[in-house]
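Student: can't give you the sequence, but here's the structure:
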Ligand code: SF4
Ligand code: SF4
């Protein structure tokens, strides 16, 4: 959870003791499997990494675009969004210093993700 709105939404969801049906659970697991097999990265947008980046990169936003690009099999959305950013805030501005990776609770290899994003673009 990243803000009060998400916290309140989760509290509303869990105040009812309503379990998922088998069909709902199966559908959710199917979506998760599809996302993982598509090469996406499990960033939760906690933003712990952001203050560690000497380049001032918005790492969760870049990873979100990386995931969109991977999940959709490419396409125009990520390139279009990146083209609206200053060049020094795009994935290729990453210095590969790995400072961000020391605080990522998901243990994401951010430097490798951004290098792969650059290569795919
Ligand atoms: S590895 Fe890249 S994204 Fe991570 S802190 Fe260094 S410059 Fe920023
Ligand atoms: S610390 Fe990890 S999980 Fe959190 S925003 Fe950064 S990359 Fe995503």
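Tutor: Looks like it arrived, so ask away. These numbers were taken from a predicted model, which means no experiment stands behind them. Ligands and ions are numbered 1, 2, ... in the order given.

Student: Those residues of the protein touching ligand 1, which are they?
Tutor: With C-beta under 6 Å from any ligand atom as the criterion, the chain meets ligand 1 at residues 52-55, 57, 59, 94-100, 110-111, 114. C-betas here are computed from N, CA, C, even on glycine.

Student: Can you give me every residue that contacts residue 120?
Tutor: 69, 74 (C-beta atoms under 8 Å, 6 or more residues apart in numbering).

Student: on that earlier part again, write the ChimeraX selection for whichever of the residues of the chain next to ligand 1 are buried.
Tutor: Buried residues among the residues of the chain next to ligand 1 (16 or more other C-beta atoms under 10 Å), as a ChimeraX selection:
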select :52,53,57,59,94,100,110,111,114
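
Student: For residue 79, state which of the residues of the chain next to ligand 1 is nearest.
Tutor: residue 114 (15.0 Å; C-beta to C-beta).

Student: so where do the helices sit in this structure?
Tutor: 4-14, 22-37, 59-71, 77-83, 110-120 (DSSP state H).

Student: Could you list the buried residues of the shortest one?
Tutor: To tie it back to what came earlier, the one meant is helix 77-83. 78, 82.

Student: I'd like to know which elements the helix or strand of the chain with the lowest mean pLDDT is packed against.
Tutor: Lowest by mean pLDDT, DSSP states H and E among the helices and strands of the chain is helix 22-37, with a mean of 89. When contacts are defined as 3 or more C-beta pairs under 8 Å, 6 or more residues apart in numbering; DSSP states H and E, helix 22-37 packs onto no helix or strand at all.

Student: how much does that helix deviate in direction from helix 59-71?
Tutor: 100 degrees (axes from the mean of the first three to the mean of the last three C-alpha atoms, to 10 degrees).
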